[in-house]
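**Q** The following comprises the amino acid sequence and a computationally predicted model.
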Amino acid sequence: MVLIYPVGIVFGLTQFESLFLSVIFAATSVSISVAVMKELNLLDSKSGSTVLGAAVVDDVLAVVLLSIMVSLIGTKAGTDTQIPLALTFLEQLIYFAAIYFVMRFIAPLLARLGTKLLNPVGPTIMAMILCFGMAYIANLIGLSAVIGAFFLQELRLHKLM
């Protein structure tokens, strides 16, 4: 994030645009980190847990900052009305609590149901229902649909640690 900001300034972007570009590049790829640590048998180690925990926190903070930046830029759903920042925070908190509730209580039920289906891809179907459902709900409240799937993945990876 610190390195991207000056690059934006050098290319003639405003300070706000450079900061926005920095926030976009702040997210890490936790799934790649998990795959690499799994190959090196470091996933269950103390250092592996620490690195993955820090990466998850970094990703969550990056997405929250990106949502704040988008809210500060202004429009939502094609209208010209600016959404108050406090309302954006409240929506995000409720949404994150809902994702936690879904992963804690509903996802295990759907996973068991998926294994009982007479279809070999039952668990995959249930995972896709969860992913698309959370993306749809994120889109309904004005967040990017990618955020729903992203946080669902983050919680799933956090349960692996």
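**A** Now that the structure is in, tell me what you want to look at.

**Q** Can you tell me the element the closest residue in space to residue 141 that isn't next to it in sequence falls in?
**A** Spatially, and ignoring its direct neighbours in sequence, residue 141 is nearest to residue 91 (5.1 Å; CB to CB, 6 or more residues apart in numbering). Just so you know, the C-beta spots here come from the backbone N, C-alpha and C atoms, and that holds for glycine as well. Element membership of residue 91 [criterion: DSSP states H and E] is helix 85-101.

**Q** swap in residue 111?
**A** helix 107-116.

**Q** And the helix or strand following that helix, what's buried?
**A** Counting by DSSP H and E, the element after helix 107-116 in chain order, helix or strand, is helix 122-140. Within helix 122-140, the residues that count as buried by 16 or more other CB atoms under 10 Å are 122-123, 126-127, 130-131, 133-135, 137-138.

**Q** quick revisit: and the contacts of the helix holding residue 111?
**A** Contact partners of helix 107-116, identified using CB atoms under 8 Å, 6 or more residues apart in numbering, comprise 122-127, 129-130.

**Q** Between those residues, which sits nearest residue 37?
**A** Using CB to CB, residue 127 is the member of the contacts of helix 107-116 that sits closest to residue 37, with 22.0 Å.

**Q** before we move on, back to that, do you know how far the residue nearest to residue 141 is from residue 97?
**A** As judged by CB to CB, to the nearest Å, residue 91 and residue 97 stand 11 Å apart.

**Q** Give me the more crowded residue out of these two.
**A** Each of residue 91 and residue 97 has its neighbours counted (other CB atoms under 10 Å); residue 91 has more, 17 against 10.

**Q** got a list of what the more buried one touches?
**A** Taking CB under 8 Å, 6+ apart, we find residue 91 in contact with 141-143.

**Q** re the thing from before, in PDB, could you pull the C-alpha coordinates for the helix holding residue 91?
**A** Extracted as PDB, the C-alpha positions of helix 85-101 are listed here (Å, rounded to 0.1, in the frame of the first residue of the first chain):
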ATOM      1  CA  LEU A  85     -20.600   6.700   6.200                       C
ATOM      2  CA  ALA A  86     -22.200   5.600   9.500                       C
ATOM      3  CA  LEU A  87     -24.900   3.800   7.600                       C
ATOM      4  CA  THR A  88     -22.300   2.100   5.400                       C
ATOM      5  CA  PHE A  89     -20.500   0.900   8.600                       C
ATOM      6  CA  LEU A  90     -23.800  -0.400  10.100                       C
ATOM      7  CA  GLU A  91     -24.700  -2.300   6.900                       C
ATOM      8  CA  GLN A  92     -21.300  -3.900   6.800                       C
ATOM      9  CA  LEU A  93     -21.300  -4.900  10.400                       C
ATOM     10  CA  ILE A  94     -24.800  -6.500  10.000                       C
ATOM     11  CA  TYR A  95     -23.600  -8.200   6.900                       C
ATOM     12  CA  PHE A  96     -20.500  -9.600   8.500                       C
ATOM     13  CA  ALA A  97     -22.500 -10.800  11.500                       C
ATOM     14  CA  ALA A  98     -24.900 -12.500   9.000                       C
ATOM     15  CA  ILE A  99     -21.900 -14.200   7.300                       C
ATOM     16  CA  TYR A 100     -20.600 -15.500  10.600                       C
ATOM     17  CA  PHE A 101     -24.100 -16.800  11.500                       C
END
